[in-house]
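In: below is the structure, and that's it, no one-letter string:
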């Protein structure tokens with residue numbers, strides 16, 4: 001009965017967070033945008049986009065079906081999710097990858113609580129490992145760390161502190177592997193997510209609300225694992241768990257070395273992303289609230305900031321994606337767009 005209650009809490013929490021993510025980002029997930037959408041399947045009419053988005057949104061309902069029906073439902077909606085991302089490549093986000101991994105683990109190991117807990121631990125270890133590795137760069141301690149720092153402390157963010165934060169995230173994740181340190185790791189990681197939520201919330205920066213539910217989902221998984229007593233030491237992994245572990249490590253690793261898209265490598269809030277400015281050779285009313293140029297005959301736009309503000313979704317940080325968006329603007333408005341490297345993405349304002 002206790003196992004059933006724990007599993008139900010975990011599944012309901014993840015379901016609600018998934019639905020909340022769709023509610024916040026509905027403009028990006030249910031519709032295409034004339035400027036920001038980069039599709040690998042061409043333009044679809046609004047009804048098709050809406051149907052594909054709604055079916056994708058219903059993916060986690062498979063957790064509440066029978067095991068066989070749940071696996072079939074997940075397999076079918078995974079195909080739909082692939083189409084969903086091909087219709088707008090920016091939809092392939094780090095938090096969606098994490099959600100999909102959670103659904104996969106819950107479906108595969110539904111009838112084996114021990115393997116379910118091990119699968120979740122392996123997932124979290126990969127998330128925090130690669131998230132930490134991606135923070136070993138100057139942009140993290142210069143741009144990101146000051147936004148989440150407690151400035152009342154007697155010392156301020158520095159390169160050394162940035163590296164320490166990155167190393168701590170990796171260490172906390174690795175501590176989940178051991179029974180003796182798991183509760184401590186869960187506590188520290190929950191605290192980390194609480195701080196991030198507070199700093200991003202309307203009470204502080206009021207920025208990028210799309211990641212709020214994902215942070216709550218991660219905390220729900222950590223609460224679920226708090227009392228876990230599974231051990232990896234001296235126990236052989238099942239073939240399914242070995243395959244899962246390899247998949248969860250290889251995919252972000254290939255992203256880390258630029259073989260796969262950056263968003264598969266958990267680079268969210270690492271500072272290690274591509275976010276250029278656009279210099280547009282005319283004033284465009286659509287971008288007037290985000291125009292950084294004081295000149296009458298040009299606009300300076302940061303499409304990453306514009307997309308987050310307008311549709312709650314960051315642009316996929318790939319050079320070719322920004323080139324396609326620039327082309328969208330040129331074709332739609334009959335102007336010229338120059339892409340300018342930018343390491344100073346507009347900070348949230350109080």
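Out: Everything's here; your move. Keep in mind that what you see is a predicted model, and the values were worked out from it rather than measured.
In: count of residues packed around residue 304?
Out: Around residue 304 there are 23 other residues, counting by other C-beta atoms under 10 Å. C-betas here are computed from N, CA, C, even on glycine.
In: I figured it was touching residue 277, is that so?
Out: No - counting by C-beta atoms under 8 Å, no contact exists between residue 304 and residue 277, whose distance comes to 9.3 Å.
In: and the strands in the protein?
Out: In the chain, the strands defined using DSSP state E lie at 277-280, 299-301, 337-340.
In: out of these, which one sits most buried?
Out: Each of these was scored by mean neighbour count; the highest is strand 299-301, a mean of 22, by mean count of other C-beta atoms under 10 Å.
In: who does that strand pair up with?
Out: Strands adjacent to strand 299-301 in the sheet, as given by DSSP bridges, are strand 277-280 (antiparallel).
In: which residues does the partner strand contact?
Out: Defining contact as C-beta atoms under 8 Å, 6 or more residues apart in numbering, one finds that strand 277-280 is touched by 287, 292-293, 298-303, 322, 325-326, 329, 333, 335-342.
In: which residues of the stretch 151-300 of the chain score low on pLDDT?
Out: Regions of the stretch 151-300 of the chain meeting the criterion pLDDT under 70 cover residues 234-235.
In: quick one, what contacts residue 138?
Out: Each residue near residue 138 by C-beta under 8 Å, 6+ apart is listed here: 159, 271.
In: quick one: it from residue 199, how far?
Out: 21 Å (C-beta to C-beta, to the nearest Å).
In: check residue 41 too.
Out: Taking C-beta to C-beta as the measure, residue 41 and residue 199 are separated by 37 Å.
In: same question for residue 310.
Out: Residue 310 sits 22 Å away from residue 199, taking C-beta to C-beta as the criterion.
In: swap in residue 256?
Out: Residue 256 is 26 Å from residue 199, where distance means C-beta to C-beta.
In: residues of stretch 291-304 that come out buried?
Out: For stretch 291-304, burial by neighbour count (16 or more other C-beta atoms under 10 Å) applies to 291, 298, 299, 300, 301, 302, 303, 304.
In: quick one: contacts for the second one?
Out: For residue 298, the contacting residues are 279, 280, 281, 282, 283, by C-beta under 8 Å, 6+ apart.
In: wait, the third one sits on residue 336?
Out: Just to be clear, that refers to residue 281. Yes - with the criterion set as C-beta under 8 Å, residue 281 and residue 336 qualify as a contacting pair; they are 4.5 Å apart.
In: ramachandran angles for the residue lying closest to residue 286 once chain neighbours are set aside?
Out: Across the structure, with C-beta to C-beta, 6 or more residues apart in numbering as the measure, the residue nearest residue 286 apart from its sequence neighbours is residue 35 (7.5 Å). Phi and psi for residue 35, reported as degrees, to the nearest 10, are phi -100, psi -50.
In: can you tell me how far residue 35 is from residue 207?
Out: As defined by C-beta to C-beta, residue 35 lies at a distance of 22 Å from residue 207.
In: more neighbours, these two?
Out: In this view residue 35 and residue 207 are compared by other C-beta under 10 Å, and residue 35 has more residues nearby, 20 against 16.
In: how close does residue 285 sit to residue 136?
Out: Relative to residue 136, residue 285 is positioned 42 Å away (criterion: C-beta to C-beta).
In: which of those two has more neighbours?
Out: Taking neighbours as other C-beta under 10 Å, residue 285 and residue 136 compare with residue 136 leading, 15 against 8.
In: who's in contact with that one?
Out: Under the criterion of C-beta under 8 Å, 6+ apart, the contact partners of residue 136 comprise 163, 166.
In: backbone dihedrals for it, please?
Out: On the backbone of residue 136 - angles per degrees, to the nearest 10 - the values are phi -80, psi 70.
In: just give the number of residues close to residue 335.
Out: Residues near residue 335, counting by other C-beta under 10 Å, number 15.
In: quick one: it and residue 282 touch, right?
Out: Yes - with contact taken as C-beta under 8 Å, residue 335 and residue 282 are classed as touching, separated by 4.8 Å.
In: and stretch 133-142, which residues are buried?
Out: For stretch 133-142, by 16+ other C-beta under 10 Å, it's 133, 134, 135, 137, 139, 140, 141, 142.
In: again, but for stretch 184-199
Out: Buried residues in stretch 184-199, counted by 16+ other C-beta under 10 Å: 185, 186, 188, 189, 190, 192, 193, 196, 197, 199.
In: hmm, what's the outermost residue in the chain?
Out: Using C-alpha atoms, centre = their mean, the residue of the chain lying farthest from its centre is residue 296. It sits 37.4 Å away.
In: and it, what does it touch?
Out: Residues counted as contacts of residue 296 (C-beta under 8 Å, 6+ apart) are residue 283.
In: tell me which residues in stretch 301-315 are buried?
Out: Using 16+ other C-beta under 10 Å, the residues of stretch 301-315 that count as buried are 301-308, 310-315.
In: what comes into contact with it?
Out: 24-25, 27-29, 33, 36, 90-91, 93, 207-210, 273, 275-278, 280, 287, 290-292, 317, 321-322, 325, 342, 345-346.
In: what bridges to residue 337?
Out: According to DSSP bridges, the partner residues bridging residue 337 are residue 280.
In: swap that for residue 300, please
Out: Following DSSP bridges, residue 300 is listed with bridge partners residue 279.
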